[in-house]
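# Predicted model and sequence follow; I will ask about them next.
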Amino acid sequence: MKPFKLKWLIRGTQTEERVDALLAFTKTTSEPTISAVKDYLVIGMRLRIAAALNGFDKSNLRTKLNSLYDVEEKHQTLKQIDKVVG
């Protein structure tokens with residue numbers, strides 16, 4: 001069984017600026033992918049809808065979101081190590 005991972009990135013709760021910053025740590029340059037991620041994380045669209053509106057399968061969007069979850073998890077770990085609040 002996989003260990004539970006806390007998801008810091010919740011649908012519809014992120015700012016566009018924050019998503020852009022997280023995406024900067026990935027190799028993502030595809031505009032449809034970036035738009036789908038923002039539709040999900042910033043606007044709050046359902047995964048299936050965000051993927052379909054941007055022309056690809058929801059499993060591909062889920063894969064990209066999982067990579068962003070990993071980036072965010074590392075960021076949160078660093079904040080805890082540095083004892084930075086916010």
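Arrived safely, thanks for sending.

# distance of the nearest residue to residue 26 once chain neighbours are set aside from residue 83?
The shortest distance from residue 26 to any non-neighbouring residue, by Cβ to Cβ, 6 or more residues apart in numbering, is to residue 67 (5.7 Å). (Each C-beta comes from the backbone N, C-alpha and C, glycine too.) The spacing between residue 67 and residue 83, counted by Cβ to Cβ, to the nearest Å, is 27 Å.

# tell me the helices in this protein, going along the chain?
Under the criterion DSSP state H, helices of the chain are mapped to 16-23, 31-38, 47-53, 58-82.

# contact partners of the first one?
Contact partners of helix 16-23, identified using Cβ atoms under 8 Å, 6 or more residues apart in numbering, comprise 9, 34, 37-38, 41-42, 68, 71-72, 75.

# do that again at 10 Å, thanks
Here helix 16-23 makes contact (Cβ atoms under 10 Å, 6 or more residues apart in numbering) with 9, 14-15, 28-29, 33-34, 37-38, 40-43, 64, 67-69, 71-72, 75.

# No further queries at this time; thank you.
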